[in-house]
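Participant: I would like the atomic coordinates for the input below:
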Amino acid sequence: MYFVDAHFYSMKPVVRIYKSIAITCKLIIALFFTQACSKYQFNHAFENIPETGVAVPLSGTISIDQTGGHLQGIQLYDKQKHKYLFMSGSSSDVAYMVKAQLDGSARILGTDSLLLDPYRHAGGFQIYDQFLAVGIEDNKRRNTSRVMVYDLGKSEGVWSDPLQVITREGEYERVTAGAVGITKLDDQFLIAVANWDSRNLDFYFCEEDKFIEGEKGFRLIGSLELARISRENWSDTIWHSYQNINLFTGSGNQLYLMGFATNENGNNVADLYKLDIDKSDIERLNQFNGSVETILIKKISTRTFKLIGNTSFRSGAGTFRNDNGLLSIFVCPEHIDQNSKVGVYSMDGY
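Facilitator: This is a model prediction of the structure:
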């Protein structure tokens, strides 16, 4: 018995080592799984955005008279260890873009005009990689707009020489472009445009090679009239008057659309939708002109976020996805003045 007991006790350190290795492996697997979920499960990342944000002082002034307009969109641009905020705005005479450096506070670096009257209203926008897509409309006649795509990687001529332009002309309020989203699906760039009060969504595709070369290639491939869509399987049936929309591509080429608005109680609301566009339809469109027969949209989640100062999702809001798949929401005030702040809802700081 003594020999057996001694052997048994001599094995305890070995057992402890194996247990330690097993626990370490489990932790590594759990960490990997968590990161994978964060990176590839977009809806999971959406649910983990903090509902309470922080206020970041916005310092500096802009050279444009803000009378007759307001800020409409905001996006983070992360470039070579420097972070910048871009904010779109409208006025009586000019559509413009504000650039601020984000480093503890947001310091305004400059303001650039985009288009002049009648294209005085720059709406909600999105940055994908180094490409900024924004709609600029005549918000008085409401029968014409331009969707402009700018290459932020250019050292000069960023705003005077857009990479792509989509021209929209037509019926009153149908062809406005108050909110624009952009993403990439395989070798295609996808732009979604929401018109007045987001009553319709129009979808445009462009092959990557044409897009990069600046060759005119965006085609309208389909539209959704939201008042006519069945909402039977939605998480709830509310479609807001979104002032900003963002597009994202998740795992398995799943497309997501996020919309920002304020509800009837004045609360900030972000809604998440799944989009389904048949890949075979896209391949067919590369050979023939036409439209996609079926575009499906389904609401899968809604979140309410606490107000930060005088910022509002109705003024302008936008999402940033980092390399780990974590999501942050940025929100701006209606106007820029000496007391202005931007709001940030983020798990990993900014």
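
Participant: nearest residue to W159 in space, please, no chain neighbours.
Facilitator: Nearest residue to W159 in three dimensions, chain neighbours excluded: D112, at 4.6 Å (CB to CB, 6 or more residues apart in numbering). (Each C-beta comes from the backbone N, C-alpha and C, glycine too.)

Participant: list the buried residues of the host helix or strand of the one you found.
Facilitator: In this structure, D112 is located in strand 105-116 according to DSSP states H and E. With burial defined by 16 or more other CB atoms under 10 Å, the residues of strand 105-116 counted as buried are A106, I108, T111, D112, S113, L114, L115.

Participant: kindly report the same for stretch 134-144.
Facilitator: Along stretch 134-144, these residues count as buried under the neighbour rule (16+ other CB under 10 Å): V134, G135, I136, E137, D138, N139, R142, N143, T144.

Participant: now the strands for the stretch 101-250 of the chain?
Facilitator: 105-116, 121-128, 131-137, 144-151, 164-169, 179-185, 188-194, 200-207, 219-225, 244-249 (DSSP state E, counting those that start in this stretch).

Participant: using CSV, lay out these together with mean pLDDT.
Facilitator: CSV is the format used below for those (pLDDT from 0 to 100):
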stretch, mean pLDDT
strand 105-116, 96
strand 121-128, 98
strand 131-137, 98
strand 144-151, 98
strand 164-169, 98
strand 179-185, 97
strand 188-194, 97
strand 200-207, 97
strand 219-225, 95
strand 244-249, 98
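
Participant: which of those strands sits closest to G343?
Facilitator: Closest of the strands of the stretch 101-250 of the chain to G343 is strand 105-116, at 10.7 Å (criterion: CB to CB).

Participant: put the alpha carbons of that closest one into PDB.
Facilitator: Taking Å, rounded to 0.1, in the frame of the first residue of the first chain, the C-alpha atoms of strand 105-116 are listed here in PDB:
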ATOM      1  CA  SER A 105     -10.600  66.200 -27.500                       C
ATOM      2  CA  ALA A 106     -11.800  66.900 -31.000                       C
ATOM      3  CA  ARG A 107      -9.800  69.800 -32.500                       C
ATOM      4  CA  ILE A 108     -11.200  71.300 -35.700                       C
ATOM      5  CA  LEU A 109      -8.500  71.400 -38.500                       C
ATOM      6  CA  GLY A 110     -10.500  72.900 -41.300                       C
ATOM      7  CA  THR A 111     -13.700  73.200 -43.300                       C
ATOM      8  CA  ASP A 112     -14.200  72.500 -47.000                       C
ATOM      9  CA  SER A 113     -17.000  73.300 -49.300                       C
ATOM     10  CA  LEU A 114     -18.400  70.400 -51.300                       C
ATOM     11  CA  LEU A 115     -21.000  71.900 -53.600                       C
ATOM     12  CA  LEU A 116     -22.800  75.200 -53.800                       C
END
